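K.L.:
next comes the sequence, and after it the predicted model I'd like to discuss.
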Amino acid sequence: SVNVTDITVLMKHLIGASSIKSENIKNADLNGDGKISIIDLIKLKNKLS
């Protein structure tokens, strides 16, 4: 399940304030393009709604 903490972690990763643990990179790549981007953040936010 998705929660606000997941969104915060992804946002911090995108702005360079922290990094996502290597074991969670695959889970953060929601559109499956091999990169973590704003698109993944949007998809994650949509899952929370």
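P.N.:
Thanks, I have the structure now. Residues are numbered from 1 along each chain as shown.

K.L.:
only C-alpha atoms from now on, for both contacts and neighbour counts.
P.N.:
Fine.

K.L.:
pull the helix or strand with minimum mean pLDDT from the protein.
P.N.:
Lowest on mean pLDDT, DSSP states H and E among the helices and strands of the chain sits helix 22-28, with a mean of 93.

K.L.:
distance from the very next helix or strand once past that one to the middle of the chain?
P.N.:
Next along the chain after helix 22-28, taking DSSP states H and E as the criterion, comes helix 38-48. The chain centre lies 7 Å from the centre of helix 38-48; the measure is C-alpha atoms, centre = their mean, to the nearest Å.

K.L.:
also stretch 22-37?
P.N.:
7 Å.

K.L.:
need the distance between the two termini of it.
P.N.:
Length of stretch 22-37, first residue to last, C-alpha to C-alpha, to the nearest Å: 16 Å.

K.L.:
show residues contacting that stretch.
P.N.:
10, 14, 39-40, 43-44 (C-alpha atoms under 8 Å, 6 or more residues apart in numbering).

K.L.:
report the buried residues of it.
P.N.:
By neighbour count on 16 or more other C-alpha atoms under 10 Å, the buried set for stretch 22-37 is 28-30, 36-37.

K.L.:
tell me which element the residue lying closest to residue 38 once chain neighbours are set aside falls in.
P.N.:
What sits nearest to residue 38 in space, not counting adjacent residues and going by C-alpha to C-alpha, 6 or more residues apart in numbering, is residue 14, at 7.4 Å. Residue 14 belongs to helix 4-15 when assigned by DSSP H and E.

K.L.:
now, the most widely separated pair of the contacts of stretch 22-37?
P.N.:
With C-alpha to C-alpha as the measure, no two of the contacts of stretch 22-37 lie farther apart than 14 and 43, at 14.1 Å.

K.L.:
in contact with the nearest residue to residue 10 once chain neighbours are set aside, which residues?
P.N.:
Nearest residue to residue 10, sequence neighbours excluded (C-alpha to C-alpha, 6+ apart): residue 41, at 6.6 Å. Going by C-alpha under 8 Å, 6+ apart, residue 41 touches 7, 10-11.
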